[in-house]
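A.B. asks: the sequence isn't on hand, but the structure is:
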């Protein structure tokens, strides 16, 4: 998956933005959502983002 892949279509949040949030210290789903703004509209992206966080653990 490319860093340009959009994970949250409502807010236009890419994989790269999620990875940056994780690199900058976000370790939980809530922290990543807060840092990126994703998950705050329809919520369909939450499972995808949670899977990415879990891959790094």
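C.D. replies: That came through, no problem. All figures in this text were calculated on a predicted structure; none of them were measured in a lab. Numbering: from 1, shown residues only.

A.B. asks: how about the helix-or-strand element of the chain with minimal mean pLDDT: buried residues?
C.D. replies: Using mean pLDDT, DSSP states H and E, helix 46-55 stands out as the lowest-scoring helix or strand of the chain, at a mean of 96. For helix 46-55, burial by neighbour count (16 or more other CB atoms under 10 Å) applies to 46, 48-49, 52-53. For every residue, glycine as well, the C-beta is placed using N, CA and C.

A.B. asks: do the same with stretch 16-29
C.D. replies: Neighbour counts using 16+ other CB under 10 Å place 17-18, 21-22, 26, 29 of stretch 16-29 among the buried residues.

A.B. asks: isn't residue 5 right next to residue 14, touching?
C.D. replies: Yes: using CB atoms under 8 Å, residue 5 makes contact with residue 14 at a distance of 6.2 Å.

A.B. asks: quick one: which of those two has more around it?
C.D. replies: Comparing residue 5 with residue 14 by neighbour count (other CB atoms under 10 Å), the higher total belongs to residue 14, at 18 against 11.

A.B. asks: got the phi and psi for that one?
C.D. replies: phi -100, psi 170 (degrees, to the nearest 10).

A.B. asks: contacts only, for it.
C.D. replies: By CB atoms under 8 Å, 6 or more residues apart in numbering, residue 14 lies in contact with 3-7.

A.B. asks: and with 6 Å instead?
C.D. replies: Applying CB atoms under 6 Å, 6 or more residues apart in numbering, we find residue 14 in contact with 4, 6.
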